[in-house]
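Participant: A structural model of the following input is requested.
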Amino acid sequence: MILNTRAEGKPLELLVAGRVRSVLGATVTARGVCDGRACPDAGAVAHLLLSPLPGATSVKVEIEPLDLARLSGGADAAYRHLKVERGALAWQALPAGSRSVRPAGAAVRLVDRNGEALWQDGAPSVPATLAGLAPLLGVHRQHDGSVAGMLARLGGSDHVASLTLDLTLQARAQVLLDCIGQQGGQWDGRACRGAQPAPAERRAGLVLLDAGTGDILAAASSGGHTAAPDNWPEVRDFDRADPARSPLRIAAFQHDGGAHRAPGSTFKVITALGLEQAARADKQLDALLGGLPLPQVDRIAGDGGYDFRTDAPSYPAGGTRARITNFRDQITGARAADGRLGLAGAMAHSVNTWFAWTSELSDRTLLGQPDGGMPGAAALEPGALDAARPVAAMAARLGFGQPLRLDGGLLPPDYRWNDWDALSASASQLDPIHSRHELRQMAIGLRMQTTPLQMALVAASVGEGRSVTPRLLLALDGRDAASSEGAPLGVRLDRVRAGMKGVIDYGTAAGAFRAPAFAALRPGLYGKTGTAPVGNDDLATVWFMGYLEPGSLPGQTRRLAFAAFVSHSALTGGGHAAPVVAALLASMAGQSLEKRHK
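Facilitator: Sure, this is the predicted structure:
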């Protein structure tokens, strides 16, 4: 490596992955900084401070590349699939038979809630594989982060576990997610029609759960591996080297932290709950949530100095500052019912500007000032801003900011959890808020990451009136999972539920449930759509979440909650994600949902 230097004597700093063998043209101070699990020693990555010698116009540093085949520890050699290509790391296939086999842990047998075999003899069953469960259960006996791999890590004698999954529902969910979500097709009851090749980056996920118990009945993922891959060693190596982007990621439970997992307007359900929390001590906000005539809404905004107008498609309405716009630039007041606009109507039609403005009104860090306050206030300890920032506080109450453990309390307290374990769902996260505009973006579900599991839990919480704890492990070695009665939400829910009902009856998801086949279940269906644009290519991550009241389907005595997303979509949540759930609910008509765990 040769570096040019024109400022004689000015030090240069480098971070080098490799062994520094010689330096010409400068004195060097080196400090080993490698501290990752793949580091053979601290000196594998070095921080160099180079001080050019007097008169030197260049500095030459000779570096010996690291032996990638040894980074993961001897024979396992988990990084041999990496090579340097044009100065960047790239993937390369390994020769067949180049991998040693590590001894397996304890033998594991997995069954679904009805006793159907899911994993046995070191591999997923054929029905489980066809149902897309291989990445979750395990694609190989050495897949340590899978459910089977996690239980094998317990050691000791063999283990038998029951999962909350219903294999029949799981299989239907996977087929429909692949057809409608991943490929943009239509399911005619027997086959997928009109399917199109999906963008290579597309991921899709779907979760269906029992809202009362938190039992995950189906967890479908699309866009990664759904079966045991032929190139297992390479897949495993990639999984270890770059876990966030691994093809073994479970889209139903896990996200990579990137922009393509923002929930869009489905987050408005959380925003609405936060607004209801703030309205308990704010009569004006309570009146706005209940619905006021448009002139009175404008008067409240004007008297407070806010540039919010119901005859405008954006907020702030004037000027050139960063602003929130409504979908397709619709006028804010165009969705008013009988000349009045409140929480229910704003949610049913997903009015971005209304949610952005009312969230500002609820946030005490702004000190009630339209252009002042401390929008960039940061909490010095968890929960310090809960009273001042009710929307973010409600998100935290519902699970944002913490990984969700799905073992039902059956794993021992000292169990050594690893990142990306299948019984641990990624923490949903809000990006830091540094400005008033970023606060508005939070209110409409941008600048954050979440999962279908998390949003299904939000829907379940609205239906149940309390927080809901999820579980995937139902029983282990004769012990049943713990049940958890979550804390009541403690806020007014009728207006939130009315908004979610409006989404189905006349709002953004009405088209997906308009067919006569949905007539019987439509009265008990509540939902919310979401569309989160990403980049400048007119593609978005689209969502649909909600819940179904007991008795809406034959034999259904429990409330069901669900959420689905599709990334890199040219459609909306109502046009792409809602049809996935609609097809699943239609397929469930006529099936008894009360199969008991044996």
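
Participant: which strands and helices sit next to the helix or strand containing P135?
Facilitator: Secondary structure from DSSP states H and E places P135 in helix 134-137. With contacts defined as 3 or more Cβ pairs under 8 Å, 6 or more residues apart in numbering; DSSP states H and E, helix 134-137 has these neighbours: helix 147-152, strand 216-222. Backbone N, C-alpha and C define where each C-beta goes, glycine included.

Participant: mind saving the C-alpha coords of the last one as PDB?
Facilitator: Extracted C-alpha coordinates of strand 216-222, given in PDB (Å, rounded to 0.1, in the frame of the first residue of the first chain):
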ATOM      1  CA  ILE A 216     -47.500 -18.300  17.800                       C
ATOM      2  CA  LEU A 217     -49.700 -20.400  15.500                       C
ATOM      3  CA  ALA A 218     -47.900 -19.700  12.200                       C
ATOM      4  CA  ALA A 219     -44.600 -17.900  11.400                       C
ATOM      5  CA  ALA A 220     -44.000 -17.800   7.700                       C
ATOM      6  CA  SER A 221     -40.900 -16.200   6.100                       C
ATOM      7  CA  SER A 222     -40.000 -15.800   2.400                       C
END
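
Participant: and it, which strands flank it?
Facilitator: strand 204-210 (antiparallel) (DSSP bridges).

Participant: Can you tell me what sits against the strand it pairs with?
Facilitator: Defining contact as Cβ atoms under 8 Å, 6 or more residues apart in numbering, one finds that strand 204-210 is touched by 164, 169, 173, 176-177, 181-182, 215-223, 250-253, 451-453, 456-457, 460, 470, 558-567, 580-581, 584.

Participant: Please point out which parts of that strand sit buried.
Facilitator: A204, G205, L206, V207, L208, L209, D210 (16 or more other Cβ atoms under 10 Å).

Participant: nearest to S51, of the residues you listed?
Facilitator: Among the buried residues of strand 204-210, G205 lies closest to S51 (Cβ to Cβ), at 52.5 Å.

Participant: coming back round to it: pull the most distant pair out of the buried residues of strand 204-210.
Facilitator: Largest separation among the buried residues of strand 204-210 by Cβ to Cβ: A204 and D210, giving 22.2 Å.

Participant: ok, the nearest residue to E485 once chain neighbours are set aside to A228 distance?
Facilitator: Spatially, and ignoring its direct neighbours in sequence, E485 is nearest to R466 (7.3 Å; Cβ to Cβ, 6 or more residues apart in numbering). For R466, the distance to A228 (Cβ to Cβ, to the nearest Å) stands at 40 Å.

Participant: Just confirm V28 contacts L53, I think it does.
Facilitator: No - here V28 does not reach L53: they are 10.8 Å apart, not a contact under Cβ atoms under 8 Å.

Participant: who does A46 bridge with?
Facilitator: V16, G32.

Participant: related to what we said a few turns ago, tell me who's in contact with the residue nearest to E485.
Facilitator: Taking Cβ under 8 Å, 6+ apart as the criterion, R466 is in contact with E485, G486, A487, P488, L489.

Participant: one more time with 10 Å
Facilitator: Contacts of R466 were listed using Cβ atoms under 10 Å, 6 or more residues apart in numbering, and they are A211, A460, E485, G486, A487, P488, L489, G490.

Participant: swap in A540?
Facilitator: Counted by Cβ under 10 Å, 6+ apart, A540 has contacts 260, 262, 264, 530-534, 566-573, 576.
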